[in-house]
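> Sequence plus the predicted model coming up.
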Amino acid sequence: MTAPAASGAAPSLPGARPTPSGDRATPPEGRSTPPEGRSVLPGDRTVPRRLVHKRAVEQVLTTGVAECGGRLLGSAQLPRLHRYFNDTCAPYYDLLLVGEAARQTVEAMAHELLGVPLDSPFVLSDLAIELTGPEALRVGPVPVDLGVELHIDSARRRRDGSVRALRGTAVCRVAEREAARFSGTLRFLEAGAYAELRAGPATPAPPATGVPPRSAPAAVGRTDPRNVVLGRIRHKGEETVARLVCDPGDPVFFDHPLDHLPGMLLMEAGRQIALAARARTAAVPATELVATSCRAGFREFAEHTDPVWCRARPTAAGTIEAVVEQRGRPAALLEVAVARVTDRGIVP
């Protein structure tokens, strides 16, 4: 789950631990704890790919992390031309893009600031992403730099003091305006523990020799067929059902070989089935809808060997409840809030 190493180097700075590139940035004179970390972090290059468990440099979003005045701070830049993350019909940065930027930054913090070894695989048991200030994420003429501050709610340590698991919330800001919140529970496994955990059912990804037919991009709020992860969508009463389409050669979801389907793919499938379900009940095109929050609980690993199905239905609270299942057992349970994009902005 870790990626090959990369490195960099630069000058130093008192009051903040070095960023993964080796940079230390200086806070403004007379201010030791800046509002949200932008002045502590240079942000002029991405961190080494190994810190965010990526193999392709082009998939790295995090630009730095630092500890300053007891605060865990990070930064990331949101792309405007990413094949997957920017394939939306709305003039806003995508919910899962913000979540991926936050996830990468938290992982870099864990390695660089909390001492988690680079060979420690991460296991996510639950996570939530919510756009708390979507107008701050409107796409404009210049890239958006995201400030990330991690607040740790609880942490479990081993006898040697190393972090075993943590639960926390990453507050994401754009130019000091809160834009989103990312929260979840991470477990850090010791070397060899992941192989033991996956002993038996784990199978390598099959060769990318062909991908089953996908649904029409517009049906799930996309424009590029490569970014559709659902097959034919069917409606059975209040339930919307589709099979997950997995392409093991996809450079985003399978940046490096995995012995299971990644959580981001399961979340994207949940989001797409939620948009299709809401489009049907609201009688509006999915291209006019966006997901504004997503809560996910991961129950089991989804394997490459058997079909994965996605099911969604509306809840009494107005959200969409989705289940991603395999062999009749839930691999992930999701609750997705969907809103409509109008000339006035995003409205419920």
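Perfect, I can see it now.

> Report the central residue of the chain.
Closest to where the C-alpha atoms of the chain average out (Cα atoms, centre = their mean) is E100, at 2.8 Å.

> Please settle this for me: is that one part of a helix?
Yes. Applying DSSP: H, G, I helix; E, B strand; the rest coil, one finds E100 inside a helix.

> residues contacting it?
Neighbour list for E100: L61, F85, M264 [criterion: Cβ atoms under 8 Å, 6 or more residues apart in numbering]. No exception for glycine: its C-beta is placed from N, CA and C like everyone else's.

> Reformat these as CSV; add distance to F253.
Listed next are those as CSV, based on distance: Cβ to Cβ, whole Å:
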residue, distance to F253
L61, 15
F85, 12
M264, 6
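
> Most neighbours out of those, which is it?
Neighbour counts for these peak at L61, which has 25 neighbours (criterion: other Cβ atoms under 10 Å).

> Next, it: phi, psi?
Phi and psi for L61, reported as degrees, to the nearest 10, are phi -110, psi -30.

> Distance check, the residue nearest to the centre of the chain against I152.
Between E100 and I152 the computed distance is 20 Å (Cβ to Cβ, to the nearest Å).

> Tabulate the contacts of E100 (JSON lines), appending pLDDT.
Compiled in JSON lines, the contacts of E100 are given as follows (pLDDT from 0 to 100):
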{"residue": "L61", "pLDDT": "97"}
{"residue": "F85", "pLDDT": "95"}
{"residue": "M264", "pLDDT": "94"}
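
> Give me the next element, helix or strand, following the helix or strand of the chain with the lowest mean pLDDT.
Among the helical and strand segments of the chain, the one scoring lowest on mean pLDDT, DSSP states H and E is helix 193-197, with a mean of 78. Heading C-terminal from helix 193-197, the first helix or strand you meet, by DSSP states H and E, is strand 234-236.

> Wasn't D87 part of a strand?
No. The assignment for D87 (three-state DSSP) gives coil, which keeps it out of a strand.

> Surely it touches P225?
No. With contact defined as Cβ atoms under 8 Å, D87 does not reach P225; the gap is 10.0 Å.

> more neighbours, these two?
Remark: of D87 and P225, D87 carries more neighbours, 17 against 13, as counted by other Cβ under 10 Å.

> Now do the contacts for that one.
R222, T223, D224, N227.

> Most neighbours out of those, which is it?
R222 (25 neighbours).

> so where's the stretch 151-300 of the chain shaky on pLDDT?
Within the stretch 151-300 of the chain, the segments meeting pLDDT under 70 span 191, 200-210.

> Need the contacts of D87 in TSV (columns: distance to L275).
TSV is the format used below for those (distance: Cβ to Cβ, whole Å):
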residue	distance to L275
R222	9
T223	13
D224	15
N227	13
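
> and which of the residues you listed is nearest A339?
R222 (17.2 Å; Cβ to Cβ).

> Could you report the separation of the closest one from D87?
Computed as Cβ to Cβ, the R222 to D87 distance reads 5 Å.

> How about G69?
According to Cβ to Cβ, G69 and D87 sit 39 Å apart.

> ditto for A136
21 Å.

> Verify the stated contact: H235 with R280.
Yes. Taking contacts as Cβ under 8 Å, H235 lies within contact range of R280: 6.1 Å.

> and the two? which has more neighbours close in?
Taking other Cβ under 10 Å, H235 and R280 do not tie; R280 has more neighbours (17 against 13).

> hang on, that one packs against G237?
No. Using Cβ under 8 Å, R280 is not in contact with G237, being 11.2 Å away.

> other SSEs contacting the longest helix seen in the chain?
Longest helix in the chain, counting residues (DSSP state H): helix 263-282. Contacts defined by 3 or more Cβ pairs under 8 Å, 6 or more residues apart in numbering; DSSP states H and E place helix 263-282 against helix 95-112, strand 239-243, strand 289-298, strand 308-314, strand 320-326, strand 329-342.

> Pull up the pairing partners for the last one, direction included.
This points to strand 329-342. strand 289-298 (antiparallel), strand 320-326 (antiparallel), strand 345-347 (antiparallel) (DSSP bridges).

> for the fourth one, same thing?
With DSSP bridges as the test, strand 308-314 is paired with strand 239-243 (antiparallel), strand 320-326 (antiparallel).

> Relative to D44, which of those strands is closest?
D44 lies closest to strand 320-326 among those, at 38.4 Å (Cβ to Cβ).

> Report the inter-axis angle for the closest one versus helix 263-282.
Per axes from the mean of the first three to the mean of the last three Cα atoms, to 10 degrees, the angle that strand 320-326 makes with helix 263-282 is 130 degrees.

> coming back round to it: out of the contacts of D87, which comes closest to P48?
Nearest to P48 among the contacts of D87, counting by Cβ to Cβ, is N227 at 27.3 Å.
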